[in-house]
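**Q** Sequence first, predicted model second:
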Amino acid sequence: MTMKDVFPERGGTMTVLGAGYVGGRLVRQAVGRGLRVTALTRNRSVADRLKDLGGVDVVCGLLEDDAWHSRIPPDQDLVVNCVGAGGGGLAGYRRSYLEGQESINRWLAGGRVRVLIYTGSIGVYPQDDGSRVDETAPAGGHSEFADVLLEAERRVLEAGGPDLRRFILRLAGIYGPGRHFLLDRLRAGEPIPGDPGAVMNAVHLDDICGAVWSAAAGARPGSDGVYNVVDDLPATRREVAGWLASRLGLPEPVFDPSVSGPRGRRARSRHRRIANEKIKATFGWTPRFPTYREGYTAILKTGDATGPVRSAPS
């Protein structure tokens, strides 16, 4: 599908604000779809790589700084905000997520954007009892970081005029090519952080991108709002790590809750099962990698993670 299919009355224009792991993949896919793409990144090396793609107008700057407003026209078919925290603890969260979205809102006031998509996080959900959690569940109140993310979501829903369609995609734990923490720990023979019995909720990079395209294609009055983006099979850390170890012919994994997670912080093993029925029913989104098995199998087959592989037990 191209943006011509999504918005047949106009040409395809797209701006990606934050061209990191998710945003960078979206930029590449958008170029492949023949769109006119603009990307904002704070990282000069990322900017150089995006320029090498050709067909991308790359702006290097900070989302929370209005300086980029004069360099990106605020008349776009699709704008995706997938900026990351960029470090700095709680203050960094406020700058990137809250102040960044406030800057977007000021920019939107000067033009016409048809669809705005914000990639948030299921980290806003406090539930920790193994329950099923959908978009109607209470959110926030358990963490200052989560509360900042929720406030940023409110800013998204306040953005633009009445014709703007606004979508918040709450992403589960992201994995994919070049981002597979569990696999790396197993290969290194290092303990896995977190509670082995806690349910993990994950989504592959390509399925996040698929959710963005599905929301853009299905944008219509009344469809605005919050959508969970997660695969079909919440599974415990023990299940995922054990399957990977078996697949790789490695010893059973060892877990240590005191070990830091992939971002250098103590892993918080929140225990809940995030539901994805809403985005499926509304936009017809279907994950290409419905479980961790398909996702990690694809990673291993591409050689992104090298080493011996043997068939897993059925």
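**A** Ah, there it is. Numbering: from 1, shown residues only.
**Q** Mind jotting down where the helices sit in the protein?
**A** Along the chain, counting by DSSP state H, helices occupy 3-6, 21-32, 44-53, 89-93, 100-108, 144-158, 181-188, 205-217, 237-248, 277-283, 292-301.
**Q** So for Gly130, which of the ones you listed sits nearest?
**A** The closest of the helices of the chain to Gly130 is helix 237-248. By CB to CB, the value is 13.5 Å. The way it works is simple: take the backbone N, C-alpha and C, and place the C-beta from them, glycine included.
**Q** Of all the helices of the chain, which one is nearest Val115?
**A** Nearest to Val115, of the helices of the chain and by CB to CB, is helix 205-217 at 5.3 Å.
**Q** Out of the helices of the chain, which gets nearest to Ala198?
**A** Comparing these under CB to CB, the one sitting nearest is helix 237-248, at 6.1 Å.
**Q** sorry, back to before: would TSV of the helices of the chain with distance to Leu171 and mean pLDDT be doable?
**A** As requested, these are exported to TSV (distance: least, CB to CB, whole Å; pLDDT from 0 to 100):
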stretch	distance to Leu171	mean pLDDT
helix 3-6	21	63
helix 21-32	8	96
helix 44-53	20	93
helix 89-93	15	94
helix 100-108	16	98
helix 144-158	11	97
helix 181-188	15	93
helix 205-217	6	97
helix 237-248	17	96
helix 277-283	11	98
helix 292-301	14	96
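**Q** can you tell me which of these comes nearest to Pro74?
**A** Evaluated over the helices of the chain, closeness to Pro74 peaks at helix 100-108, with 5.2 Å, by CB to CB.
**Q** and Asn81, which of the helices of the chain is closest to it?
**A** Of all these, helix 100-108 sits nearest to Asn81, with 6.0 Å by CB to CB.
**Q** and the spatially most central residue of the chain, how far is that from Cys209?
**A** Nearest to the mean C-alpha position of the chain, counting by CA atoms, centre = their mean, stands Leu171 at 4.9 Å. According to CB to CB, to the nearest Å, Leu171 stands 11 Å off from Cys209.
**Q** who touches both of the two?
**A** Contact criterion CB atoms under 8 Å, 6 or more residues apart in numbering; residues shared by Leu171 and Cys209: Val22.
**Q** Just give me the neighbour total for the closest residue to His142 other than its chain neighbours.
**A** Leaving out its chain neighbours, the residue that sits closest to His142 by CB to CB, 6 or more residues apart in numbering is Pro126, at 3.7 Å. Per other CB atoms under 10 Å, the neighbour tally for Pro126 reads 16.
**Q** Also the one 5 residues further on?
**A** Using other CB under 10 Å, the number of residues around Ser131 comes to 12.
**Q** Determine which of the helices of the chain approaches Asp224 most closely.
**A** It is, among the helices of the chain and with distance given as CB to CB, helix 144-158, at 7.4 Å.
**Q** Tell me what angle the closest one forms with helix 100-108.
**A** Here the directions of helix 144-158 and helix 100-108 differ by 10 degrees (axes from the mean of the first three to the mean of the last three CA atoms, to 10 degrees).
**Q** Who are the contact partners of the nearest residue to Asp129 once chain neighbours are set aside?
**A** Distance criterion CB to CB, 6+ apart; nearest residue to Asp129, sequence neighbours excluded, is His271 at 6.8 Å. When contacts are counted by CB under 8 Å, 6+ apart, His271 is found next to 128-130, 195, 197-199.
**Q** that older thread, and the residue nearest to His142, what pLDDT?
**A** For Pro126, the pLDDT comes out at 97.
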